[in-house]
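Engineer: Fold the following and give me the result.
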Amino acid sequence: MTDSAGQPHQGSAAPADGPKTDQVFRSTPGMISGILLLLCAAWLIIDAVVTGHGKTPWIALAAGPVFGLPVFAYTLRPAVLAGQDRLLVRNPLRTIVAPWAAVEGLRSSYSAELTTGGRTYQVWAVPVSLRQRKKAMRRHSLSAAAVDPRAARVGALSRPGRGAVLGAPDPTRAWSDQVVDFLRERAEINAVRPTAQGESTVTWYWPVIVPTLVALAVLIVLINI
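Structural biologist: Residues are numbered from 1 along each chain as shown. Coordinates of the predicted model:
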């Protein structure tokens with residue numbers, strides 16, 4: 001998989017013949033915060049195991065999965081993978097796979113949302129920043145108000161930002177809005193593909209849920225003995 005893909009075909013109902021690899025969207029701030037939290041937790045657990053006495057080391061070991069797995073699930077796991085035939089959304093505890101023909105709606109208001117199979121799911125990997133959206137709107141307003149003598153000075157405000165999404169219809173919008181615009185356009189173009197038909201599926205991510213519950217039960221027992 002790669003973190004970039006070719007630009008979608010514009011102005012045509014035919015499906016795009018871009019690269020067969022998925023374009024991946026993830027929240028960089030979320031991943032950074034997750035890594036920092038896991039490093040901090042690891043340091044505390046190791047310290048408790050090495051210097052603790054009695055049942056403290058065992059409690060620390062049991063607490064590790066209880067804290068670490070949810071942090072992983074909510075910060076490092078979320079991702080959106082857009083392929084030629086389907087949209088895959090990895091949320092903290094669930095995975096949604098929607099063939100492009102089954103995508104009923106994509107929108108970005110206070111959160112990015114996918115509607116498929118008659119249900120709406122929040123897209124955790126694409127957090128909405130109202131501050132970033134206001135900055136983008138301000139750039140648009142200033143650019144629209146610019147006159148020719150000032151275009152050279154104001155025009156820079158309408159250039160794509162550092163987080164511009166390759167293939168987005170309007171790279172000057174906020175990052176979350178660019179991602180939703182790109183996915184919506186990809187859905188419209190690729191929904192006619194024979195391989196993009198079918199129903200969406202939703203599965204729970206048991207590799208996080210089960211170990212967390214087991215570790216929580218062990219932690220409760222250790223604390224109360």
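Engineer: list the helices and strands the helix or strand containing Pro207 packs on?
Structural biologist: According to DSSP states H and E, Pro207 maps onto helix 206-224. Contacts defined by 3 or more CB pairs under 8 Å, 6 or more residues apart in numbering; DSSP states H and E place helix 206-224 against helix 56-71. The C-beta positions use only the backbone N, C-alpha and C, and glycine is treated the same way.
Engineer: so for the helix holding Pro207, what's the average pLDDT?
Structural biologist: Average pLDDT, helix 206-224: 96.
Engineer: what angle do it and helix 56-71 make?
Structural biologist: Interaxial angle of helix 206-224 relative to helix 56-71 (axes from the mean of the first three to the mean of the last three CA atoms, to 10 degrees): 150 degrees.
Engineer: got a list of contacts for helix 206-224?
Structural biologist: 55, 58-59, 62-66, 69-70, 72-73, 77, 92-93 (CB atoms under 8 Å, 6 or more residues apart in numbering).
Engineer: Out of those residues, give me the one that has the most neighbours.
Structural biologist: Arg77 (23 neighbours; other CB atoms under 10 Å).
Engineer: From Val180, how far off is the residue lying closest to that residue once chain neighbours are set aside?
Structural biologist: Excluding the flanking residues, the one nearest Arg77 by CB to CB, 6 or more residues apart in numbering is Arg90, at 5.8 Å. Distance, Arg90 to Val180, by CB to CB, to the nearest Å: 17 Å.
Engineer: who has more neighbours, the two?
Structural biologist: The residue with more neighbours, out of Arg90 and Val180, is Val180; 26 against 21, by other CB under 10 Å.
Engineer: I'd say the more buried one and Ser108 touch.
Structural biologist: Yes: Val180 is within contact range of Ser108, at 4.1 Å (criterion: CB atoms under 8 Å).
Engineer: what sits in contact with each of those two?
Structural biologist: With CB under 8 Å, 6+ apart as the test, Val180 and Ser108 both reach Val126.
Engineer: max-length helix in this protein?
Structural biologist: helix 28-51 (DSSP state H).
Engineer: buried stuff in that one?
Structural biologist: Residues of helix 28-51 classed as buried: Gly30, Met31, Gly34, Leu37, Leu38, Ala41, Ile45, Ala48 (neighbour count, 16 or more other CB atoms under 10 Å).
Engineer: May I have the residues that are in contact with the fourth one?
Structural biologist: In this case it means Leu37. Applying CB under 8 Å, 6+ apart, the residues contacting Leu37 are Val71, Thr75.
Engineer: cool, and the last one?
Structural biologist: When the contact criterion is CB under 8 Å, 6+ apart, the partners of Ala48 are Thr56, Pro57, Ile59, Ala60.
Engineer: Quick one: the helices in this structure, in order.
Structural biologist: In the chain, the segments counted as helices under DSSP H are 28-51, 56-71, 130-145, 151-154, 175-190, 206-224.
Engineer: Mind checking these for the one nearest to Val97?
Structural biologist: helix 175-190 (13.7 Å; CB to CB).
Engineer: That closest one packs against which elements?
Structural biologist: Other helices and strands packing on helix 175-190, by 3+ CB pairs under 8 Å, 6+ apart, are strand 79-82, strand 86-90, strand 103-108, strand 112-116, helix 130-145.
Engineer: shouldn't the residue nearest to Arg77 be in contact with Pro78?
Structural biologist: Yes: using CB under 8 Å, Arg90 makes contact with Pro78 at a distance of 5.7 Å.
Engineer: Mutual contacts of these two, please.
Structural biologist: In contact with both Arg90 and Pro78: Trp124, Ala125, using CB under 8 Å, 6+ apart.
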